[in-house]
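> Turn this into a model:
(2 chains)
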Amino acid sequence: MRDFYGITLDSPLMLGTAQYPSPAILQAAFRASGAGVATVSLRREGGQGQAFWSLIRDLGVRVLPNTAGCHSAREAVTTARMAREVFETNWIKLEVIGHADTLQPDPFGLLEAAETLAAEGFEVFPYTTEDQVLAGRLLDAGCKVLMPWGAPIGSGLGLNNRYGLRMLRAAFPDVPMVIDAGIGLPSHAAEALEMGFDAVLLNTAVAQAGDPEAMARAFGLAVQAGALARAADPMEPREMAAPSTPLIGKAWL
Amino acid sequence: MRIEVNGTARDIAATTLADALAELGWAEARVATALNGEFVPSSARPSQALRDGDRLEVLAPMQGG
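Numbering: from 1, shown residues only, chains lettered A, B, ... in the order given. Okay, the predicted model is just below:
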């Protein structure tokens, strides 16, 4: 497992905390998944916040606050400052949304917010596209982790642009990268790890499954399999067939 | 004075942000505050004066992805 701002995680799975049928199912899903990171957010206190915080603390996992729903750098920076105080962590999953339908990041607002937050000592996990130029600028801004999307948030489509993701992985081989958003199935998560990504972050695929606890366990196993396969150095695919059974010694029949 | 708290108009007697949070029942709550769109750290709440018409946001931990 790679280093995320000085932290080595036991599991390459980061799990969201939204949309579960109940708090008990959320807790069961986390226990089944083995995830070591929970994403959380900030919203207007309406009487539920303190109980939720107690539940998250009981999970015993590291929290990664997000700036979900922010559409400008200014809004995201203010949210991040508030999150740092409430959650007592410098980690921030930086989202600056640029498009209402795709929830695609606004690259310009994202970079502006990342520059501000990195200068203030935040450890930024930028939710970004697979764009290499933007990735380079985010690294220059002080980000030490990248979170390229697999597909639009909540879509469950998997890895939409495998070519772009492979190019991004190859361009910055030493940068820890988390595939965030769009993961729908454990096979998508395994594929991300097999491609060399260091972790995946997902929420809806578990929370909205018919059996969230079982799906969480499936994702936990999938990321383990993917990481193990990557470490085992997968074979290179080829266009033509190659016999796996030796021809030498074949009978003359 | 009348201020807006999380989008709702409230009449409060407090004149500082710290006193307002206590008056609103959030003295011990784990919350973050923003006044008129600007983050106010907890350490600055006792000295942060409120004015009629101010817009206060009080945010708390919530589920997120």
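> which regions of the chain lie under the pLDDT threshold?
Unless you meant another one, I'm taking chain A. Confidence mapping of chain A against pLDDT under 70 gives the ranges A:1.
> which bits of it sit near chain B?
Listed as neighbours of chain B in chain A under the rule CB under 8 Å from any CB of the partner chain: A:16-20, A:39-46, A:48-50, A:52-53, A:56, A:65-66, A:68, A:78, A:81-83, A:85-87, A:153-154, A:203-204. C-beta here means a position set from N, CA and C on the backbone, and glycine is covered the same way.
> If any of those residues are buried, give me the ChimeraX selection for them.
Buried residues among these (16 or more other CB atoms under 10 Å in any protein chain shown), as a ChimeraX selection:
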select /A:16,17,18,19,20,39,40,41,42,43,45,49,50,52,53,56,65,66,68,78,81,82,83,85,86,87,153,154,203,204
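> Go through the residues of chain A next to chain B and flag which are in helices.
A:49-50, A:52-53, A:56, A:78, A:81-83, A:85-87, A:204 (DSSP state H).
> who does the lengthiest strand in chain A touch, helix- and strand-wise?
Under DSSP state E, the strand in chain A containing the largest number of residues is strand A:37-44. Contacts defined by 3 or more CB pairs under 8 Å, 6 or more residues apart in numbering or on different chains; DSSP states H and E place strand A:37-44 against strand A:13-16, helix A:49-59, strand A:62-65, helix A:73-87, strand B:55-63.
> ok, which stretches of the stretch 151-253 of chain A are strands?
A:178-180, A:199-202 (DSSP state E, counting those that start in this stretch).
> Adding mean neighbour count, write those strands out as TSV.
As requested, these are exported to TSV (neighbours: other CB atoms under 10 Å in any protein chain shown):
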stretch	mean neighbour count
strand A:178-180	28
strand A:199-202	29
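> could the ones you listed go into JSON lines alongside distance to A:Leu253?
JSON lines is the format used below for these (distance: least, CB to CB, whole Å):
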{"stretch": "strand A:178-180", "distance to A:Leu253": "51"}
{"stretch": "strand A:199-202", "distance to A:Leu253": "51"}
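> B:Ala9 - nearest residue in space that isn't next to it in sequence?
With CB to CB, 6 or more residues apart in numbering or on different chains as the criterion, B:Ala9 has its nearest non-adjacent residue at 5.8 Å, and that residue is B:Arg2.
> Quickly note the distance from the one you found to B:Leu56.
11 Å (CB to CB, to the nearest Å).
> With B:Arg30 instead?
Per CB to CB, B:Arg30 is found 17 Å from B:Leu56.
> Please say which of those two ends up with more neighbours.
Neighbour count, other CB atoms under 10 Å in any protein chain shown: between B:Arg30 and B:Leu56, B:Leu56 has more, with 22 against 18.
> The more buried one touches B:Ala34, doesn't it?
Yes - B:Leu56 lies in contact with B:Ala34 (CB atoms under 8 Å); the separation is 7.5 Å.
> which residues does A:Pro126 contact?
A:Leu94, A:Pro105, A:Leu110, A:Ala114, A:Leu138, A:Cys143, A:Val145, A:Leu146, A:Met147 (CB atoms under 8 Å, 6 or more residues apart in numbering or on different chains).
> List the contacts of the fourth one.
By CB under 8 Å, 6+ apart, the residues touching A:Ala114 are A:Leu94, A:Val124, A:Pro126, A:Leu138, A:Ala141, A:Gly142, A:Cys143.
> Give me the nearest residue to A:Leu15, chain neighbours excluded.
Here the residue nearest A:Leu15, using CB to CB, 6+ apart, is A:Ala35, at 4.0 Å.
> The one you found in helix, strand or coil?
coil (DSSP: H, G, I helix; E, B strand; the rest coil).
> Please report how far the one residue in the stretch 51-200 of chain A that gets nearest to chain B lies from B:Arg51.
Evaluated by CB to the nearest CB, the stretch 51-200 of chain A has A:Met82 as its residue closest to chain B, separated by 3.5 Å. The gap separating A:Met82 from B:Arg51 is 21 Å, by CB to CB.
> Burial check on the closest residue to A:Glu191 other than its chain neighbours, number of neighbours?
Distances taken as CB to CB, 6+ apart place A:Leu159 nearest to A:Glu191, at 6.1 Å, with adjacent residues excluded. Neighbourhood size, A:Leu159 [other CB under 10 Å]: 23.
> related to what we said a few turns ago, and the residue nearest to B:Ala9, how many neighbours?
10.
> now swap in the one 5 residues further on and tell me
When counting by other CB under 10 Å, one arrives at 9 neighbours for B:Gly7.
> Can you name the residues that contact the spatially most central residue of chain A?
Nearest to the mean C-alpha position of chain A, by CA atoms, centre = their mean, lies A:Leu201 at 2.7 Å. Each residue near A:Leu201 by CB under 8 Å, 6+ apart is listed here: A:14-16, A:37, A:39, A:64, A:93, A:147, A:178-181, A:183.
> Can you name the residues bridging to it?
When bridges are called by DSSP bridges, A:Leu201 pairs up with A:Met14, A:Asp180.
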